[in-house]
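Asks: what follows is a predicted structure for the sequence shown.
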Amino acid sequence: MVVIALFQGTLGGGYFILTTYLQPVLGYSSLEAGLTFLPLTVVCMVAAMKITPVLLGRWGVRATLALSMTGTGAGIAALVAGVTSGGGFWTLLPGSVIWGLFGGVAFVSLFASAGAGVAPLEQGVASGLASTAKEVGGAMGLAVFVAIATASSDPLRGLHRAGWTAAAVTVAGGLIALVLKSPRTTSETEESPNLEGALQ
């Protein structure tokens with residue numbers, strides 16, 4: 001739940017930074033700003049559908065989640081590096097691709113981890129907790145990053161500070177994922193009450 005909250009918080013912060021840079025700073029129209037988000041979105045969808053199942057099957061939830069969170073942080077950092085006074089679509093493209101690639105894997109892995117090792121009757125509770133962590137993390141993260149971005153009189157400097165902070169927090173989420181305990185299998189979860197009863 002902590003990692004989900006961190007991911008969603010930095011996701012909302014990253015989108016705010018990018019939108020603020022494209023429209024108020026560069027003067028992009030709504031359509032131009034939306035098209036700039038397109039590479040990130042397309043890469044994210046492909047990664048979520050095609051790459052994540054392979055990584056989860058080969059490495060498991062914990063390693064996949066740690067790698068994808070760290071990579072997402074690197075993508076946000078690359079995106080922030082492209083936020084310059086003379087930048088635009090092409091300076092943002094490398095960061096957008098990296099962020100979309102690892103972010104797509106991270107999003108699926110986060111919700112896979114929330115339900116891993118949870119008994120079937122408790123999957124609804126796990127899903128509800130994950131969704132709550134997602135929404136609370138998004139709201140709190142956006143508030144924090146907006147405050148950081150607007151604390152400076154220089155718009156670009158404020159966006160850079162908020163962006164570097166978001167990248168660091170995302171990488172920290174990847175490190176937290178490394179210390180997560182390996183989830184028990186569903187069969188182990190179902191059998192444990194019977195074993196305790198037998199011992200009593």
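Replies: Here it is on my side, so go on. Here the structure is a predicted model, which means the values were calculated and not measured. Numbering: from 1, shown residues only.
Asks: roughly how far does the spatially closest residue to residue 170 that is not a sequence neighbour sit from residue 144?
Replies: Counting by CB to CB, 6 or more residues apart in numbering, residue 73 is the residue found nearest to residue 170 once chain neighbours are left out, at 3.6 Å. The C-beta positions use only the backbone N, C-alpha and C, and glycine is treated the same way. Distance from residue 73 to residue 144, counting by CB to CB, to the nearest Å: 16 Å.
Asks: ok, back up a step: from residue 153, how far out is the residue nearest to residue 170?
Replies: With CB to CB as the criterion, residue 73 and residue 153 are 27 Å apart.
Asks: repeat that for residue 44.
Replies: Taking CB to CB, one finds residue 44 at 34 Å from residue 153.
Asks: could I get the full set of helices for this protein?
Replies: Using DSSP state H, the helices of the chain run over 2-20, 30-46, 52-81, 89-115, 123-150, 155-178, 186-199.
Asks: rebuild these as CSV, extending it with mean neighbour count.
Replies: Shown next, in CSV, are the helices of the chain (neighbours: other CB atoms under 10 Å):
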stretch, mean neighbour count
helix 2-20, 23
helix 30-46, 15
helix 52-81, 20
helix 89-115, 22
helix 123-150, 17
helix 155-178, 20
helix 186-199, 11
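Asks: before we move on, the earlier item: for the residue nearest to residue 170, what are its contacts?
Replies: The contact partners of residue 73, by CB atoms under 8 Å, 6 or more residues apart in numbering, come to 10, 167-171, 173-174.
Asks: next one: residue 115
Replies: Here residue 115 is in contact with 123, 126-127, 130 (CB under 8 Å, 6+ apart).
Asks: which among those residues gets closest to residue 102?
Replies: Residue 102 lies nearest to residue 130 out of those, by CB to CB, at 19.2 Å.
Asks: what sits against the closest one?
Replies: 1, 4, 110-111, 114-115.
Asks: so how far is residue 176 from it?
Replies: Relative to residue 176, and taking CB to CB, residue 130 is found at 15 Å.
Asks: residue 25 too?
Replies: 33 Å.
Asks: just residue 143 next, same as before
Replies: 21 Å.
Asks: where does this protein have low pLDDT?
Replies: 182-200 (pLDDT under 70).
Asks: run through the residues that contact the nearest residue to residue 94 once chain neighbours are set aside.
Replies: Spatial nearest neighbour of residue 94, chain neighbours left out: residue 78 (5.4 Å); criterion: CB to CB, 6+ apart. Applying CB under 8 Å, 6+ apart, we find residue 78 in contact with 94-95, 98-99.
Asks: tabulate those (CSV), appending distance to residue 158.
Replies: Shown next, in CSV, are those (distance: CB to CB, whole Å):
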residue, distance to residue 158
94, 22
95, 18
98, 23
99, 20
